[in-house]
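Student: give the three-dimensional model of this entry:
(one chain, ligands or ions: 1)
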Amino acid sequence: MTAIEARGLRKAYGGHEAVAGIDLAIPNGEVFALLGPNGAGKTTTVEILEGHRRRDAGEIRVLGTDPAGAGRAWRARIGIVAQSATDVADLTVGETVRHIAGCYPRPRRAAEVIDLVGLADKTRARVRTLSGGQRRRLDVALGIVGRPEVLFLDEPTTGFDPQARRQFWELVRVLAAEGTTILLTTHYLDEAEALADRLAVIAGGVVVAEGTPATLGGRSAAGVVVSWAGADGPRMEHTDDPTALIGRLAAAGTDLSALSVTRPSLEDTYLTLIGEAR
Ligand SMILES: Nc1ncnc2c1ncn2[C@@H]1O[C@H](COP(=O)(O)OP(=O)(O)OP(=O)(O)O)[C@@H](O)[C@H]1O
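Tutor: Residues are numbered from 1 along each chain as shown. The predicted structure is shown next:
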């Protein structure tokens with residue numbers, strides 16, 4: 001079954017079309033990343049799919065339901081980590097998570113969720129005393145406490161230190177292994193590469209490329225760069241056939257002790273796609 005489906009999605013603010021015809025089809029259990037520069041239309045798309053923003057046109061189904069008219073039962077199956085944190089009253093971390101857990105029919109245990117996001121030692125701390133990254137971890141806890149079938153993560157790791165990001169990646173893998181469908185927006189290409197089964201690049205409100213991290217934008221078919229230590233200093237060559245090139249170098253008695261063969265990184269591919277879309 002397709003967990004998230006959008007066809008011909010459009011949304012304009014005043015005269016500006018922020019989302020200009022987006023199609024998405026995300027099967028159950030997939031981790032899907034939306035990439036794109038600031039203002040590309042990612043958050044608008046995600047908020048429409050969450051049922052938090054009206055669309056101008058297009059067909060949408062999330063868990064088989066149009067989010068625009070969906071009720072409490074549907075909402076209980078959805079988890080949201082929005083880009084801007086929701087204001088919470090002057091509660092502790094533990095009270096906040098327990099309070100939100102109470103809104104769901106079959107929540108995770110609050111202590112388990114707090115532990116999963118690495119805030120166990122902050123359970124009794126007031127939310128207003130948390131650091132930015134700790135506050136973001138709490139947002140993630142609130143997004144997953146209801147045991148959602150579909151989880152929307154809008155730039156979830158902004159402000160995380162490197163260790164917290166790795167812990168969060170592990171958490172996403174656990175949720176994915178449990179069968180959660182996850183739609184993630186991120187500006188971290190390493191995050192998309194580490195987590196996403198598939199990804200789409202959005203620019204100017206349209207999808208400019210879609211694929212797996214390995215194949216996006218023809219990445220797997222793109223040539224490689226072979227570099228080695230030449231007699232007169234470092235040498236490099238672009239080639240589609242590294243085996244033949246290295247064979248020729250070896251036959252010519254070239255020193256290959258510093259040989260390297262590299263494909264364009266996901267970031268290289270992304271920047272090329274964004275550049276072409278301008
Ligand atoms: N409430 C609003 N009113 C007017 N314009 C808006 C509103 N929300 C978004 N926009 C505009 O729509 C466009 C898309 O914004 P959106 O937030 O969807 O982009 P994004 O891809 O999520 O960007 P970022 O990476 O910066 O979060 C931008 O030009 C933005 O200025």
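
Student: got a pLDDT number for the residue minimising distance to the centre of the chain?
Tutor: For the chain, the residue nearest the mean C-alpha position is L184 (3.0 Å; C-alpha atoms, centre = their mean). We have a pLDDT of 97 for L184.

Student: and this structure, what are its domains?
Tutor: Following automatic domain parsing, one finds the domains of the chain at 2-214, 218-277.

Student: what's the first-to-last distance across the first one?
Tutor: Counting by C-alpha to C-alpha, to the nearest Å, you get 23 Å between the two ends of domain 2-214.

Student: now do it: distance to the chain's middle.
Tutor: Centroid separation for domain 2-214 versus its chain: 8 Å, with C-alpha atoms, centre = their mean, to the nearest Å.

Student: I80 should be in a helix, yeah?
Tutor: No - assigned with DSSP: H, G, I helix; E, B strand; the rest coil, I80 falls outside any helix and is strand.

Student: does it touch G143 like I think?
Tutor: Yes - if you go by C-beta atoms under 8 Å, I80 and G143 touch, sitting 5.6 Å apart. (C-beta placed from N, C-alpha, C; glycine too.)

Student: next, show the common contact partners of the two.
Tutor: Common contacts of I80 and G143, defined by C-beta atoms under 8 Å, 6 or more residues apart in numbering, comprise L151, F152.

Student: how near is E149 to the ligand?
Tutor: 24 Å (C-beta to the nearest ligand atom, to the nearest Å).

Student: now the helices for the stretch 1-150 of the chain?
Tutor: Per DSSP state H, counting those that start in this stretch, the stretch 1-150 of the chain carries helices over the ranges 42-50, 72-75, 93-101, 110-116, 132-144.
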